[in-house]
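Novice: Give me a 3D structure for the following:
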Amino acid sequence: MFTNNVIDIKDKRMINIIFALSAAVILFSTIQNKMPTGIIGAIGVMAVVGYILNVIGDKTPIVNQFFGGGAIVIIFGSSYIFHSGIIPHEIAGSITSFVKGGGFLSFFIASLVTGSILGMDTNVLKKAALKYIPVIFGGVACAFLFVGIVGSFLGEGFFNSVMLIALPIMGGGMGAGAVPLVEIMSGNSSMSAEMLMSKMVPALAIGNAIAIVMAGLLDKLGKFYPSLTGNGKLMRDKDTQPDEQGTEQVTSINVLGIGALLAITMYFVGAILSSVISMHTYALMIIFVALVKVLGFMPRELENAAHAWYKFVVDNLTPALLVGIGVAYTDLNQIIASLNLVYFLMVFATVLGAIVGTAIIGRLMGFHPIEASITAGLCMANMGGTGDVAVLAASKRMELMPFAQISSRIGGAFMLILATLILEMLK
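Specialist: Alright, predicted model coming up:
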């Protein structure tokens, strides 16, 4: 874990022994249901389990080459471990409470959004923002077309396939997508809310799993065909790539502290604005941070601090958060129970359509096709903020979080408007 050349072999061996003993103590305490409550217990077990599963995923052939490596193994492995009885169910409850009620996910996303936007070149941000929304629309159109054709061929009907499969998958997750969609459709169709939910929730779960796997495959595709990818850069314009100068400065504790404070402050701003503007906190935070960046209000030193904090969070907290996603948001039993061939093919067609549509339109708009497919395609087809983290981790492109959040939040809101318009037209 340490790469400092000053540390000799004996010291490295001792460091590894201490880390192994620390992991053993935490795992023993967890299995014996002696885990401390609150953040100290949750972070401890999430970090250890995340690190172990990450190593397993990155060392496992085929999985590490084609399916996203550690990220995939952490999410699905932790879901199995914590819900199969291997570990006391009280531990899973503590982790779920910490991730959902403790705000860990919000803290993580705020850090990524703030640091990655402030670390971007201003010209890239301006160009990408203006061209990004049409790419989302292209992905939605192809997702609807693909699932409609497959659904018609399999006897499910074009309209039902679009409304019950594609709309919830592309709708921005559970709370911001499926739940309001059910409310909209149950009052305007012959299906009850319970029936609609039973159709939509499995589609979301399977779509999210497919999106994560496809993210790993797209990363592999980029290695085979380098012309299709910017390796984390969205725009193809070589003259306006993100300016990283100044971010390689020596990172001190003070710099990290300032970066963390900026990320928290930006989240507070988004929360305050959402109390007066009917938009999601993340969406308003992205808009505010982008305006601060474009207008040049933030000194370069503070931008560097936010970017340094973003890199620290990604490097050190991603495996722990993925464990939280696996435990709190991934229901393997629900996914397995819904896996019949017809259902799977329609969900797969939706995700594939999102990838193809965004790749084509993204290319036309000046984006790298793989990055466009990951952000505007897969991050529309996953389950909101948790899905964004999982997809970007599997594709190894965490720096694209701002665009992923635009897809989940603004794109998800567009799907609700679209559903309302479609139902009004059919009256």
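Novice: Isn't F104 up against S97?
Specialist: No - contact between F104 and S97 fails when scored by CB atoms under 8 Å: they sit 10.1 Å apart. For the C-beta atoms, the positions are set from N, CA and C on the backbone; glycine is no exception.
Novice: List the buried residues of the host helix or strand of K127.
Specialist: Using DSSP states H and E, K127 falls within helix 122-153. By 16 or more other CB atoms under 10 Å, the buried positions in helix 122-153 come out as 123-125, 127-129, 131-133, 135-140, 142-148, 150-151.
Novice: thinking again about what came up before, out of F104 and S97, which sits in the more crowded spot?
Specialist: F104 (21 against 14; other CB atoms under 10 Å).
Novice: Tell me the pLDDT of that one.
Specialist: For F104, the model assigns a pLDDT of 85.
Novice: show me what contacts it?
Specialist: F104 makes contacts with A42, F98, L321, G324, as judged by CB atoms under 8 Å, 6 or more residues apart in numbering.
Novice: cool, L218 as well?
Specialist: I355, I370, S373, I374, L378, S395.
Novice: distance of the third one from G387?
Specialist: Put plainly, it is S373. In this view, S373 and G387 are 15 Å apart by CB to CB, to the nearest Å.
Novice: now the last one
Specialist: Counting by CB to CB, the gap from S395 to G387 is 12 Å.
Novice: Please apply the same query to A205.
Specialist: Counting by CB to CB - A205 and G387 are separated by 10 Å.
Novice: V342 now?
Specialist: Taking CB to CB, one finds V342 at 23 Å from G387.
Novice: who has more neighbours, these two?
Specialist: G387 (29 against 12).
Novice: And the strand or helix carrying that one, how far out from the chain middle?
Specialist: Element membership for G387, per DSSP H and E: helix 384-395. How far helix 384-395 lies from its chain's middle: 2 Å, per CA atoms, centre = their mean, to the nearest Å.
Novice: Put the alpha carbons of that helix into CSV.
Specialist: The C-alpha coordinates for helix 384-395 follow below in CSV (Å, rounded to 0.1, in the frame of the first residue of the first chain):
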residue,chain,number,x,y,z
GLY,A,384,-29.3,7.3,-9.6
GLY,A,385,-26.4,8.4,-7.4
THR,A,386,-25.4,5.0,-6.2
GLY,A,387,-25.5,3.7,-9.8
ASP,A,388,-23.4,6.6,-11.0
VAL,A,389,-20.6,5.7,-8.5
ALA,A,390,-20.8,2.0,-9.4
VAL,A,391,-20.7,2.7,-13.1
LEU,A,392,-17.9,5.2,-13.0
ALA,A,393,-15.9,2.9,-10.7
ALA,A,394,-16.3,0.0,-13.0
SER,A,395,-15.3,2.1,-16.0
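Novice: Packing partners of that helix?
Specialist: helix 70-83, helix 104-118, helix 193-224, helix 300-329, helix 379-381, helix 401-406 (3 or more CB pairs under 8 Å, 6 or more residues apart in numbering; DSSP states H and E).
Novice: Could you check the longest one and say which residues are buried?
Specialist: It stands for helix 193-224. 196-197, 199-219, 221-222.
Novice: how big is the angle separating it from helix 300-329?
Specialist: Between helix 193-224 and helix 300-329, the angle comes out at 130 degrees (axes from the mean of the first three to the mean of the last three CA atoms, to 10 degrees).
Novice: Name the member of the contacts of F104 that has the highest neighbour count.
Specialist: G324 (29 neighbours).
Novice: and the gap between the residue nearest to that residue when sequence neighbours are not counted and A47?
Specialist: Among residues not flanking G324 along the chain, V99 sits closest, at 3.7 Å (CB to CB, 6 or more residues apart in numbering). Using CB to CB, we find V99 at a distance of 13 Å from A47.
Novice: Looking at those two, which one has more neighbours?
Specialist: V99 (25 against 19).
Novice: In contact with that one, which residues?
Specialist: So V99 contacts A42, L105, L321, G324, I325, V327, A328, Y329 (CB under 8 Å, 6+ apart).
Novice: now, which of the residues you listed sits nearest Y51?
Specialist: Closest to Y51 out of these is L321 (12.4 Å), distances taken as CB to CB.
Novice: my guess is the closest one meets A390, correct?
Specialist: No - assessed by CB under 8 Å, L321 is found out of contact with A390, at 9.2 Å.
Novice: ok, back up a step: tabulate the contacts of V99 (a markdown table), appending distance to R236.
Specialist: A markdown table is the format used below for the contacts of V99 (distance: CB to CB, whole Å):
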| residue | distance to R236 |
| --- | --- |
| A42 | 42 |
| L105 | 32 |
| L321 | 31 |
| G324 | 35 |
| I325 | 31 |
| V327 | 39 |
| A328 | 37 |
| Y329 | 34 |
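Novice: Between these, which sits nearest D58?
Specialist: L321 (16.8 Å).
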